[in-house]
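Engineer: Give the three-dimensional model of this entry:
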Amino acid sequence: MRDVDPALITLLWGAGAGMLVVGMGLFVWYAIALSRLFPRLGGEGWKGWVPVLNEAEILSRGGVPAWSVVFYFIPLVQFYGLYLKIVAVHRTNVRFRHGAGFTTLGILVPPLWATLLAQADEPMAEDAKPRAASVRTLSEPRRTPLARDASGYAIPIPAPLEPTLIDEVPIDRAPPPADPAPAPVPSPASAPVPVMSAPAVSAPAPPSWRIVLDDGAGFELTASRVVLGRSPAGGPDEQLLAVPDATRTLSKTHARLEFDDAGWHLTDLNSTNGSRVVTAGEWSELTPGMRVAFSAAFKLGDVGMRITEQP
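Structural biologist: Next comes the predicted model:
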């Protein structure tokens, strides 16, 4: 019998050891990512470190019975188990506002998928609607009336004064006759008496409001409802203000500013790192969805800013 080349044996042992190291590295990466992802979905992080149990937890978080993991180990039925995992992964992605692309990533590269979701914005509740719809269900404050220019576009007025709408400007009308008797016919020599029209009432000019960041950057506020964030989304009557964020603590749609007769109010829109205002000389954390009045300074995540009024 021909002897086996020692170099070939060494090569095979080296390849096997390398594959073992790579496999252990992928397992540790996947386990760390799942241990951070599961608590965000209402699960327990330690399950990410237990093989098979972590796959059962993925199914459970995605609305599939956890015992369905047994299908993974039955020949041919494994395809049905794969289908159930695709369903669970897709439902999880929808809660993080992702679509089919992330579902494909979750099946082909699970460690990367779990890592990205563990670092994403806060997920929605299982029975919640998309954020754009939930934001509009918040209580509507009393809004300051908006004047309109000649082209029909609304002019936002964040002033505490109640301006008069252009539609309410009095129109000159002839006064009703005091005597029901027919008016006398003027003689040809008499000249018509001109009727003096009442002066038009103009709305007072609103003050100019600005947001000034702690680093000195300033932004004009052009509406009484302003949505703040890295890339905010809102309604047609809201100003969408993208705030520079060197701290990487702002959510895409972080908070809303609203102005009425009582002044400025701040509402946290379920942000990841929260919002704070100064109360009794100390910073107070806002409860998501609660509308809170404040004076000037506030923080979104770690980004400090204040509102200033200019005449």
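
Engineer: where along the stretch 201-311 of the chain do the strands fall?
Structural biologist: With DSSP state E, counting those that start in this stretch, the ranges of strands along the stretch 201-311 of the chain come out as 208-213, 218-221, 225-229, 239-242, 255-260, 263-268, 275-279, 282-285, 291-293, 297-300, 303-310.

Engineer: Outside of the first one itself, list whatever touches it.
Structural biologist: Which is strand 208-213. 158, 218-221, 226, 241, 243-244, 259, 303-311 (CB atoms under 8 Å, 6 or more residues apart in numbering). Using the backbone N, CA and C atoms, a C-beta is placed for each residue, glycine as well.

Engineer: For it, buried residues please.
Structural biologist: By 16 or more other CB atoms under 10 Å, the buried positions in strand 208-213 come out as 209, 211-213.

Engineer: In a markdown table, list the strands of the stretch 201-311 of the chain along with mean pLDDT and distance to residue 56.
Structural biologist: Formatted as a markdown table, those follow (pLDDT from 0 to 100; distance: least, CB to CB, whole Å):
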| stretch | mean pLDDT | distance to residue 56 |
| --- | --- | --- |
| strand 208-213 | 87 | 47 |
| strand 218-221 | 89 | 49 |
| strand 225-229 | 93 | 36 |
| strand 239-242 | 92 | 41 |
| strand 255-260 | 91 | 38 |
| strand 263-268 | 91 | 35 |
| strand 275-279 | 87 | 37 |
| strand 282-285 | 86 | 36 |
| strand 291-293 | 89 | 42 |
| strand 297-300 | 90 | 38 |
| strand 303-310 | 87 | 40 |
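
Engineer: Any buried residues in stretch 41-61, and which?
Structural biologist: For stretch 41-61, the neighbour count (16+ other CB under 10 Å) marks 41, 43, 45, 47-48, 54-61 as buried.

Engineer: Stretch 92-102 now?
Structural biologist: Using 16+ other CB under 10 Å as the test for burial, stretch 92-102 gives 92-96, 98, 102.

Engineer: Now compare these and name the two farthest from each other.
Structural biologist: Farthest pair in those (CB to CB) is 95 and 102. Separation: 11.0 Å.

Engineer: show me where the protein has helices.
Structural biologist: For the chain, the helices defined by DSSP state H cover 6-40, 53-61, 78-95, 100-108, 110-118, 131-136.

Engineer: looking at those, which is closest to residue 271?
Structural biologist: Comparing the helices of the chain under CB to CB, the one sitting nearest is helix 131-136, at 10.8 Å.
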